[in-house]
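S.K.: Take a look and give me a structure for this.
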Amino acid sequence: MPSELETICLKCLEKSAAARYDTARSLAEDLTRYLDDVPIIAKRSGAVRRVIKFVKRRKTTAITVVAAVMLSVAGALALSFRHASRLATQREKIAVADAHQGQVDRWVSVGNDLILRDDWQGASDAFSNALELDSSSVEALANFARLKKEWYTDISHLPPPRSKFYRIFARSQNRTTIPPIMSPFER
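M.R.: Sure, this is the predicted structure:
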């Protein structure tokens with residue numbers, strides 16, 4: 001059945017008298033318009049009106065559909081809030097780690113500058129501070145090794161035998177004992 005003819009029939013069958021055709025003449029005019037392929041006067045009921053009719057006919061189905069939609073929306077909101085809180089926690093952890101790494105990098109930079117100025121003890125303290133913050137810092141460990149090599153080539157700058165440097169270096173190497181200091185002459 002064509003949709004325009006269906007619309008005319010549905011208008012004739014409306015429950016309320018106000019929604020039906022006023023007279024048989026107006027029905028005849030609409031049918032004539034349909035047969036002449038001219039737009040009809042009767043209009044299909046809108047989506048809101050159809051939903052209201054559906055809810056009146058099937059209340060339990062409508063309530064079930066509304067409840068399912070509300071639960072879906074609530075679940076989606078809960079998941080999005082959970083995801084947002086996880087992202088915020090991750091961002092905080094990254095910011096703390098970046099700040100921590102920045103401190104390690106500053107101590108390594110200070111140690112490198114002190115090596116260039118031949119301040120061996122200051123460089124040792126700077127690298128010790130860097131390793132206290134991050135005992136797995138590759139750059140600090142490499143600079144400690146370089147510092148150790150340069151100290152042994154210039155014996156006048158050797159640190160005291162049990163300095164903080166050796167305690168941290170031993171801890172970073174997972175050793176339980178502190179290696180003895182050997183000068184180039186004792187090798």
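S.K.: got any ranges where this protein has weak pLDDT?
M.R.: Within the chain, the ranges that satisfy pLDDT under 70 run 45, 120, 135-141, 143-187.
S.K.: So what's the gap between the longest helix along it and the chain middle?
M.R.: Ranked by number of residues, the top helix in the chain under DSSP state H is helix 59-116. Remark: helix 59-116 is offset 5 Å from the chain centroid, using CA atoms, centre = their mean, to the nearest Å.
S.K.: Dump the C-alpha coordinates for the first helix or strand past that helix going along the chain into PDB.
M.R.: Sequence order places helix 120-133 as the next helix or strand after helix 59-116, per DSSP states H and E. In PDB, the C-alpha atoms belonging to helix 120-133 read as follows (Å, rounded to 0.1, in the frame of the first residue of the first chain):
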ATOM      1  CA  TRP A 120      87.100  15.500  42.000                       C
ATOM      2  CA  GLN A 121      85.500  15.400  45.500                       C
ATOM      3  CA  GLY A 122      82.600  17.700  44.400                       C
ATOM      4  CA  ALA A 123      82.100  15.600  41.300                       C
ATOM      5  CA  SER A 124      82.000  12.400  43.400                       C
ATOM      6  CA  ASP A 125      79.400  14.000  45.700                       C
ATOM      7  CA  ALA A 126      77.300  15.100  42.700                       C
ATOM      8  CA  PHE A 127      77.400  11.700  41.200                       C
ATOM      9  CA  SER A 128      76.600  10.100  44.600                       C
ATOM     10  CA  ASN A 129      73.600  12.400  44.900                       C
ATOM     11  CA  ALA A 130      72.500  11.400  41.400                       C
ATOM     12  CA  LEU A 131      72.800   7.700  42.200                       C
ATOM     13  CA  GLU A 132      71.000   8.100  45.500                       C
ATOM     14  CA  LEU A 133      68.000   9.400  43.500                       C
END
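S.K.: other SSEs contacting helix 120-133?
M.R.: Applying 3 or more CB pairs under 8 Å, 6 or more residues apart in numbering; DSSP states H and E, one finds that helix 120-133 contacts helix 59-116, helix 138-153, helix 164-172. (Glycine included, C-beta is placed from N, CA and C.)
S.K.: can I get the ones you listed in CSV with mean neighbour count and distance to Leu13?
M.R.: Putting these into CSV (neighbours: other CB atoms under 10 Å; distance: least, CB to CB, whole Å) gives the following:
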stretch, mean neighbour count, distance to Leu13
helix 59-116, 12, 22
helix 138-153, 16, 84
helix 164-172, 18, 89
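S.K.: Please produce TSV containing those helices, extended by distance to Asp37.
M.R.: As requested, the helices and strands packed on helix 120-133 are exported to TSV (distance: least, CB to CB, whole Å):
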stretch	distance to Asp37
helix 59-116	38
helix 138-153	84
helix 164-172	91
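S.K.: Those helices: which one's closest to Asp125?
M.R.: Closest of these to Asp125 is helix 164-172, at 6.8 Å (criterion: CB to CB).
S.K.: Can you give me the distance of Val104 to Phe127?
M.R.: The span separating Val104 from Phe127 equals 10 Å under the rule CB to CB, to the nearest Å.
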